[in-house]
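> Next comes the sequence, and after it the predicted model I'd like to discuss.
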Amino acid sequence: MKKLALASIALSVFLGACAGPGFTVSDYPGNYYGVLPCADCGGIQTDLNLYPDRTYRMRETYINPPQTVIINNPPPVIVKNQPPVFETKGQWTPTKKHIDLAPEGQPDRPHTYYAPRKGNVMEKLDANAQPIKSKFNYQLNRKK
């Protein structure tokens, strides 16, 4: 019985260590939403769903993508592009400071990283799982 109690305590400590400030891993599942910065568009509308079974689905919609100009004969024709939409699903794994999103069936595609922040927020991290140094907002807020 003592071994079971010690194992439960050890598991609780481990899971607590794999969480961000004020979070436990069981707090992560939910829907997070926001508009992330984009270099050549109005932003990337991001909808991230983290499921309790450690799978995820992310939908990214590019807002106001650049227009395409086709020049055959004058006058030029301006074609308004449809906003590109990308959907990704896969597995998420917690670490001590962030979660690692691994796309399903795409081993060559890089992982995406988010860190939990106070106030039910997930902050997008760079390709090395480090905070992005920018004046722009890289945070997704949990939908209620």
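Right, received. Where do you want to start?
> alpha carbons only for contacts and neighbour counts from here, please
Fine.
> after the helix-or-strand element of the chain with minimal mean pLDDT, next one along is what?
The weakest-scoring helix or strand in the chain, judged by mean pLDDT, DSSP states H and E, is helix 2-17 (a mean of 42). Using DSSP states H and E, the helix or strand that follows helix 2-17 in sequence is strand 30-36.
> Show me what that next one is packed up against.
Contact partners of strand 30-36 among helices and strands, from 3 or more Cα pairs under 8 Å, 6 or more residues apart in numbering; DSSP states H and E: strand 43-50, strand 139-142.
> Would you convert these into TSV that also reports distance to Trp92?
Below are the helices and strands packed on strand 30-36 laid out as TSV (distance: least, Cα to Cα, whole Å):
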stretch	distance to Trp92
strand 43-50	8
strand 139-142	16
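> Throw those strands into a markdown table and include distance to Asp27, mean neighbour count and mean pLDDT, thanks.
Converted to a markdown table, these look like this (distance: least, Cα to Cα, whole Å; neighbours: other Cα atoms under 10 Å; pLDDT from 0 to 100):
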| stretch | distance to Asp27 | mean neighbour count | mean pLDDT |
| --- | --- | --- | --- |
| strand 43-50 | 10 | 20 | 96 |
| strand 139-142 | 11 | 21 | 97 |
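> so which of the ones you listed comes closest to Pro29?
Taking Cα to Cα, strand 43-50 is the member of the helices and strands packed on strand 30-36 nearest to Pro29, at 4.6 Å.
> Centre of the chain to that closest one, how far?
Relative to the centre of its chain, strand 43-50 is centred 7 Å away, using Cα atoms, centre = their mean, to the nearest Å.
> Determine the set of other helices and strands touching it.
Where contact means 3+ Cα pairs under 8 Å, 6+ apart, strand 43-50 is packed against strand 30-36, strand 55-63.
> For the ones you listed, give me CSV that also has mean neighbour count and mean pLDDT.
Listed next are those as CSV, based on neighbours: other Cα atoms under 10 Å; pLDDT from 0 to 100:
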stretch, mean neighbour count, mean pLDDT
strand 30-36, 19, 97
strand 55-63, 19, 94
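> what would those look like in TSV with distance to Ala129?
Formatted as TSV, these follow (distance: least, Cα to Cα, whole Å):
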stretch	distance to Ala129
strand 30-36	16
strand 55-63	18
